[in-house]
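Novice: Quick one: sequence plus predicted model below, questions after.
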Amino acid sequence: MAKYKVLKPIKDLETNKRLEVGEEVELTVKRVEESEKKYGKGYLERIEDKGPSKGGE
């Protein structure tokens, strides 16, 4: 999963929840691709990957 920032209001196709501007959400790349197919690009901006911590924490 990766973390995304909402740039424009959009409805999450899986949960039917409205995502508001400025909200930070964790989504799979597949879910983002599905949203982009339906709504177009420019609604979500990837801000970081959810993965192993840096520095061995």
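Specialist: Perfect, I can see it now. Numbers count the residues shown, from 1 in each chain.
Novice: Every contact and neighbour count from this point should use C-alpha atoms.
Specialist: Fine.
Novice: Contact partners for residue 27?
Specialist: Each residue near residue 27 by CA atoms under 8 Å, 6 or more residues apart in numbering is listed here: 1-4.
Novice: now do residue 47
Specialist: 2-5.
Novice: Kindly supply the ChimeraX command isolating those of these that are buried.
Specialist: Typed into ChimeraX, the line below selects the buried ones among these, using 16 or more other CA atoms under 10 Å:
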select :3,4,5
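Novice: Mind checking which of the contacts of residue 47 land in strands?
Specialist: Among the contacts of residue 47, the members found in strands (DSSP state E) are 2-5.
Novice: Save those as TSV, and put in distance to residue 16 and pLDDT too.
Specialist: Output for the ones in strands among the contacts of residue 47, formatted as TSV (distance: CA to CA, whole Å; pLDDT from 0 to 100):
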residue	distance to residue 16	pLDDT
2	19	92
3	18	95
4	17	95
5	17	97
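Novice: burial of residue 35, as a residue count?
Specialist: Residue 35 has 19 neighbours, counted by other CA atoms under 10 Å.
Novice: Residue 37 too?
Specialist: Around residue 37 there are 10 residues (other CA under 10 Å).
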